[in-house]
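Participant: Everything below, folded, please.
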Amino acid sequence: MSGELDGSLLKVFVAIIECHGFSAAAERLHKTQSTISQSLQRLEEIVGTPLVQRTSRSVSLTPSGETFLIYARQILKLHADAINAMHRPEAQACIHVGMPEDYAQFCLAEVLRDFQAQFPNVRPDICCEMSTALVSRLQRGELDLVLGVQHANLQPGEYLCDEPLV
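Facilitator: Residues are numbered from 1 along each chain as shown. Here you go, the predicted model:
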């Protein structure tokens, strides 16, 4: 790895994936397609591995790109959170939420974005652990809400869905 990660390069990478291509990413970011391509090339040089596979009709993630996308989204989210934290009122409510890391990786960024839009004066505090540990923390009053896997020996919660076995 050579160089430092620049937030604008991360935004380009995420936009390419979310927009399913360079042209749409360029339009979203108000840049030229050439600039988008050069930015991705620079990012791949910095991380030292290809992140996407390009064809004339599609863009897909490499295995390294799949891993890097998780981190890129988290970094961009933290960046936005840091900026937003400076614009929040001092007196803020806090909700303590627990969930397994698998759930957090799958849906947390989108859920937090929607939550923040609906409840700008509530600061979520997220704790990721195994479901059994989270339920114990809920029972001790350390957490306000737990999204987890129901085990036979745990007290019942509200059923949300079944997960397919993979």
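Participant: looking just at contacts, which helices and strands does the longest helix seen in the chain meet?
Facilitator: With secondary structure taken from DSSP state H, the chain has its longest helix at helix 63-85. Applying 3 or more C-beta pairs under 8 Å, 6 or more residues apart in numbering; DSSP states H and E, we find helix 63-85 packed against helix 7-19, helix 101-118. The way it works is simple: take the backbone N, C-alpha and C, and place the C-beta from them, glycine included.
Participant: how does it look with 6 Å?
Facilitator: In terms of contacts (3 or more C-beta pairs under 6 Å, 6 or more residues apart in numbering; DSSP states H and E), helix 63-85 is packed against helix 7-19.
Participant: got the buried residues for the longest helix of the chain?
Facilitator: Gly65, Phe68, Leu69, Ala72, Arg73, Leu76 (16 or more other C-beta atoms under 10 Å).
Participant: a markdown table for those residues, including distance to Thr32 and pLDDT?
Facilitator: Output for the buried residues of helix 63-85, formatted as a markdown table (distance: C-beta to C-beta, whole Å; pLDDT from 0 to 100):
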| residue | distance to Thr32 | pLDDT |
| --- | --- | --- |
| Gly65 | 22 | 94 |
| Phe68 | 24 | 95 |
| Leu69 | 23 | 94 |
| Ala72 | 21 | 94 |
| Arg73 | 24 | 93 |
| Leu76 | 22 | 93 |
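Participant: Who are the contact partners of Ser64?
Facilitator: Contacts of Ser64 were listed using C-beta atoms under 6 Å, 6 or more residues apart in numbering, and they are Thr49.
Participant: what pLDDT does it get?
Facilitator: At Ser64 the predicted local distance difference test score is 95.
Participant: can you list the domains in this structure?
Facilitator: Taking automatic domain parsing as the criterion, the chain consists of the domains 7-79, 91-166.
Participant: Tell me which of those lies nearest to Ala85.
Facilitator: Nearest to Ala85, of all these, is domain 91-166, at 8.3 Å by C-beta to C-beta.
Participant: can you pull the pLDDT of the residue nearest the centre of the chain?
Facilitator: Central residue of the chain (C-alpha atoms, centre = their mean): Ala109, 4.0 Å from the mean position. With respect to pLDDT, Ala109 scores 84.
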